[in-house]
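Q: here is a sequence with its predicted model. Questions after.
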Amino acid sequence: MAIFYGSDTSCVGDVGLVDVQVTDPRILIGQRIARRLTTPRGALAVINDDPAFGWDCKQYVNAKLRPTDITTAQSQIQKECLKDEQVQTASVVLTLSQGALTVSVAMVSGAGPFILTLNVSDLTTDLVFTFQ
Amino acid sequence: MSDTLATLLDPLTVTEVFQTLLGVYQANGFPVQSWQTGGVERTRLMAIATAITDLSANYIPQIAAGGLLDYAQTLDNPAWLQLLASDNYSIEFNPATFTVGNITLTAASGVSTSTYTAGQLIAVFAASGNRYINTGSIIVPSGPGTVIGEFQAEFAGASYADPSSSGALTLSTAVPGVTLTNPATDYTDVAHVGAGTGTLTLGGSPVGPHQIRITVDSTGAVGVAAFSYSLDGSPDVSAGVVSTISDLGGTGVNVTFVNGGSGTSFVIGDTYLFNTPGSWITTQGSDIESNDALADRCRSRWSSLSPIPTSSFYELLVSSVPDVGSQVTQVIVLPDSVVNDRVNIVVAGPEGALPPDTIALIQTYVDPRVPLTEVPLVVSPSELAIEIGGIVTVTGALVTAVQGAVETALSNYVLGAGINGTLRIAKIIELIMEVTGTVDAASITINSASTNVTMGSTTTFIIAEQPTFTLTYVTA
């Protein structure tokens, strides 16, 4: 029996001018994780929601990252992803190459495996997600 | 017992509002069960729920309280009570006002004349740090010479109450050869209430602080008009038909009556008010009217509906005088002990007695607003010098800190005693002992006596001056 994952408004950085409902489980969960990884911890407490929600990956942009810091960051991102009850496993690879930061999260959910990739360059702090 | 506003306005919680919104969405077919933390719609609803709760818990109670006097009085934003007072009671709140006074500028020999436009000079009192700015053009003459200029406090408020002859008074931007002083004259200006054109000339060598009121008892020019005088609010003493009063009441004050240039010089019922000594301050500034004071005035409004004036009616009147009402922070109302139907309304400000000009304005405002059978008399209390002495034992190195704290506490106590208040030795000891670092307080005296001081009576009205201290501090 197929699992119904519901629907939600499509939103990563902002909602669109035209409301688009997402029903694809991988996109649904992926966008949710993307929002987790762009929300500063405690931001939702302002509206009385979960104060432990969010781990903003922008904190790594232009930061001094030693190998041990990268390992720690991967662990922190992984823990944040696993907070989503529909994410069963998450594997995070954070690479820093010539000023560009890439966070690749391979997750397995009830709807199957999918990869979320986040690219950050040293020229922009915008986070760009791709879902595969 | 009736409900309170708090019990009637039980605010909704965020969870309650959120659950309500979820119910609405669910009823309209939205998949609310699948919305997890961080979901777009769920986050929107939480934000909306938070905003609605804020409205429910803060804005709505404030709006409701703003229409009820007892509750509006307690709101942090005074605008609610001010609106209520204006709309329901026709009472406008008293804004803060500026202290104004006269400062003497003395040019030393060799200084050439200079003209300073309004706002160009700033006088600074070193003791308080208060700054005053000239209100009009001041021409400093060639030295040696002096000129008196009017200065206004930089900001409104009662704290601008610097003493006369304060010393350490300078210009913020020094003018070479020009020094400042703020001496007190022997007398304040004479404030006149009434239609007569006659004036008073004051002389003599006054002894001690006094409030003096001259009343015209029969109309006419000098030699025809009869006068009486009241010293420090005491019953009037008839001086008869005189052209001068010498050594008025044994105070060393001499008064000469001078006919006006035209019209009737002295008109029955007219009063002339002056104080000795004078002050460099001509208008005492005041703080913005507090919520409590404004609410009291609103409550006193009920008494204005009665044909029988009550104390609260007089309190309402004296604190509602345009421009000077806010200066009145203390009022006592006492029937006169001698004259039938006369009511003494004793008023004072946060720093003590008010200038005669202010008293005259209040009298002018009150007179036409009382029943014909009443004779209200607005008077200012005399000021009593207070000196507190004694021995304070202090722990170790805390002498300086204790001294500052003790003197602040005692000053507040003395000034807070109000018109005809009582200063108690026991309270002074208690206040001293409450200061951290104090071990003992002994031989405490008020004006060299170890007894309580009760100021004033039913016929005299007295308020304490800023106290001086002769306390000896010893270490334990």
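A: Sure thing, it's come through.
Q: how about the closest residue to B:Asp232 other than its chain neighbours, what does it touch?
A: Closest residue in space to B:Asp232, ignoring its immediate chain neighbours: B:Ser382 at 4.1 Å, by C-beta to C-beta, 6 or more residues apart in numbering or on different chains. C-betas here are computed from N, CA, C, even on glycine. Contacts for B:Ser382 (C-beta atoms under 8 Å, 6 or more residues apart in numbering or on different chains) come out as B:209-211, B:232-233, B:353, B:460-463.
Q: report the lowest-confidence entry in those residues.
A: Scanning the contacts of B:Ser382 for pLDDT, the smallest score is found at B:Gly233, 73.
Q: neighbours of it, just the number please.
A: The tally of other residues near B:Gly233 (other C-beta atoms under 10 Å in any protein chain shown) stands at 24.
Q: quick one: it and B:Thr99, what's the gap?
A: In this structure, B:Gly233 and B:Thr99 are 25 Å apart, going by C-beta to C-beta, to the nearest Å.
Q: would you mind naming what in chain A lies close to chain B?
A: Proximity of chain A to chain B is confined to A:4-11, A:15, A:32, A:35-36, A:39, A:44, A:46-50, A:53-54, A:84-86 under the rule C-beta under 8 Å from any C-beta of the partner chain.
Q: which of these fall in helices?
A: If you go by DSSP state H, those have A:32, A:35-36 in helices.
Q: of those, which is the most crowded?
A: When neighbours are taken as other C-beta under 10 Å, the top entry among those is A:Arg32 (23 neighbours).
Q: pLDDT of stretch B:281-288, averaged?
A: Averaging pLDDT along stretch B:281-288 gives 87.
Q: got the buried residues for stretch B:449-463?
A: B:453, B:455-456, B:460-463 (16 or more other C-beta atoms under 10 Å in any protein chain shown).
Q: got the contact list for the residue nearest to A:Asp19 when sequence neighbours are not counted?
A: Excluding the flanking residues, the one nearest A:Asp19 by C-beta to C-beta, 6+ apart is A:Thr9, at 5.9 Å. Each residue near A:Thr9 by C-beta under 8 Å, 6+ apart is listed here: A:15, A:19-22, B:40-41.
Q: residue in the stretch 351-476 of chain B nearest to chain A?
A: Nearest residue of the stretch 351-476 of chain B to chain A: B:Thr436, at 39.5 Å (C-beta to the nearest C-beta).
Q: now the phi/psi pair for that residue, please.
A: phi -60, psi 130 (degrees, to the nearest 10).
Q: okay, the residue nearest to B:Ala295 when sequence neighbours are not counted: pLDDT?
A: Leaving aside its chain neighbours, B:Ala295 sits nearest to B:Gln73 (4.0 Å; criterion: C-beta to C-beta, 6+ apart). B:Gln73 carries a pLDDT value of 94.
Q: same thing with B:Val237?
A: According to the model, B:Val237 scores 90 on pLDDT.
Q: check A:Asp8 too.
A: 85.
Q: tell me how far stretch A:75-88 lies from the chain's centre.
A: 9 Å (C-alpha atoms, centre = their mean, to the nearest Å).
Q: what's the separation between the closest residue in space to B:Ser337 that isn't next to it in sequence and B:Leu231?
A: Leaving aside its chain neighbours, B:Ser337 sits nearest to B:Thr459 (5.0 Å; criterion: C-beta to C-beta, 6+ apart). Distance from B:Thr459 to B:Leu231, counting by C-beta to C-beta: 11 Å.
Q: who are the neighbours in contact with B:Val255?
A: B:Val255 neighbours (C-beta under 8 Å, 6+ apart): B:200-202, B:214, B:229, B:244-245, B:248.
Q: show the buried residues in these.
A: B:200, B:202, B:214, B:229, B:245, B:248.
Q: quick check, the first one in a helix?
A: If I follow you right, that is B:Leu200. No: with DSSP: H, G, I helix; E, B strand; the rest coil as the criterion, B:Leu200 is strand rather than part of a helix.
Q: quick one: contacts for the residue of chain A found nearest chain B?
A: Of all residues in chain A, A:Gly6 sits closest to chain B, at 2.3 Å by C-beta to the nearest C-beta. A:Gly6 makes contacts with A:23, A:28, B:31, B:33-35, as judged by C-beta under 8 Å, 6+ apart.
Q: ok, back up a step: closest to B:Ser337 out of the ones in helices among the residues of chain A next to chain B?
A: Relative to B:Ser337, the closest of these is A:Arg35; by C-beta to C-beta it sits at 81.7 Å.
Q: returning to what we had before: so which pair among the buried residues of stretch B:449-463 is furthest apart in space?
A: B:Val453 and B:Phe461 (14.8 Å).
Q: which single residue of chain B ends up nearest chain A?
A: Residue nearest to chain A within chain B (C-beta to the nearest C-beta): B:Ser34, separated by 2.3 Å.
Q: was I right to think that residue contacts A:Phe4?
A: Yes: assessed by C-beta atoms under 8 Å, B:Ser34 is found in contact with A:Phe4 at 7.4 Å.
Q: so which of the two has more stuff around it?
A: B:Ser34 (16 against 11).
Q: how much space separates that one from A:Gly30?
A: B:Ser34 is 15 Å from A:Gly30, by C-beta to C-beta.
Q: what does B:Asp357 give?
A: 79 Å.
Q: of these two, which one has the most company?
A: More crowded of B:Asp357 and A:Gly30, by other C-beta under 10 Å: A:Gly30, with 24 against 18.
Q: wait, is the more buried one part of a helix?
A: Yes: under three-state DSSP, A:Gly30 sits within a helix.
Q: doesn't B:Glu41 fall inside a strand?
A: No: B:Glu41: not assigned to a strand; according to three-state DSSP it is helix.
Q: what's the burial count for residue 15?
A: Using chain A. 13.
Q: nope, chain B
A: By other C-beta under 10 Å, 12 other residues sit near B:Thr15.
Q: tell me the phi and psi of it?
A: Torsion angles, degrees, to the nearest 10, at B:Thr15: phi -60, psi -40.
Q: mind listing what it touches?
A: Residues in contact with B:Thr15 (C-beta under 8 Å, 6+ apart) are A:48, B:49.
Q: how confident was the prediction at it?
A: Confidence for B:Thr15, expressed as pLDDT, is 91.
Q: would you agree B:Asp440 is in contact with B:Val402?
A: No: between B:Asp440 and B:Val402 there is no contact under C-beta under 8 Å: 11.6 Å.
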